[in-house]
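Trainee: Please work out how this folds:
(one chain, ligands or ions: 1)
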Amino acid sequence: MPNIVCAVCGAHSEQPLAQPVEPREPPDFDTRPGEPLRSTLSHWLQSCPHCEYAAPELSYAPEGVAVLVRSDEYGQCVGPFLKHAFLLDQLGHHADAGWMALQGAWFFDDSGDGGLALGCRTVALQFWKKGKAAGQNFAETVPEEFALVTDILRRSGMFQDALGTCLDALEDEELPPIIEDMLRMQKSFIEKQDYSRHSLAELPDRPAGSTRVTL
Ligand SMILES: [Zn+2]
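Mentor: Below is the predicted model:
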């Protein structure tokens, strides 16, 4: 493990090195990558044991971060992902902050802290909403944003909101086929009040070049 100097407090600490691995399995509906990348999540951020600065690289801190790290609000954020999400949000990167909070939800899914995972998903949606109001998109296309929000609401047990978002998205007549398949599958999960994780490996096979039959 490399020895890193914290850019906020100057302390030295041993930090894990994130090994570059490619996922071999398809991602979850909320984009969490498949294995083997999935299991490296706890190494995606470094965390200073002295001042609790959390970032992909502790040796770098943008201007303004040191003051934020010493704030009470930062101290109250639980875990490295929510801490880094707080910093991104405060620096105006609301969409990125939402993604970081979502990764925090995965972190707490793994540790079995359901309440904290739920809190992270709620915060992720708040940051994305703030980002949209500031002109920041959080996915490449609007249908992808709808598909993502549908899954996060469902995983949070907010089935009515999830269904509303899912149905709104399905009204788009030019949905990319994979998004349409995802939304139709989401609808059945929501109707069963299923809040567990699902992988894109579960999507129906779509023969190459075939025309979709609409039910
Ligand atoms: Zn530090």
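Trainee: Quick one: the strands in the chain, in order.
Mentor: With strands called from DSSP state E, the chain shows them at 3-5, 12-14, 46-47, 54-55.
Trainee: Contacts for the second one, please.
Mentor: If I follow you right, that is strand 12-14. Identification of contacts with strand 12-14 by CB atoms under 8 Å, 6 or more residues apart in numbering yields 1, 2, 3, 4, 5, 6, 48, 49, 50, 58. In short, each C-beta sits where N, CA and C put it, glycine included.
Trainee: now swap in the last one and tell me
Mentor: Strand 54-55 has contacts (CB under 8 Å, 6+ apart) with 45, 46, 47, 48, 61, 80, 81, 83, 84, 87.
Trainee: who's in contact with the first one?
Mentor: Taking CB under 8 Å, 6+ apart as the definition of contact, the neighbours of residue 45 are 54, 55, 56, 80, 81, 84.
Trainee: hang on, the earlier thing: separate out the buried members of the contacts of strand 12-14.
Mentor: Neighbour-count burial (16 or more other CB atoms under 10 Å) is assigned, among the contacts of strand 12-14, to 4, 6, 48, 58.
Trainee: who's in contact with the second one?
Mentor: With contacts taken as CB under 8 Å, 6+ apart, residue 6 has the following neighbours: 12, 13, 48, 50, 51, 53, 58, 59.
Trainee: make it 10 Å
Mentor: 12-13, 15, 46-53, 55, 58-59, 61, 66, 69 (CB atoms under 10 Å, 6 or more residues apart in numbering).
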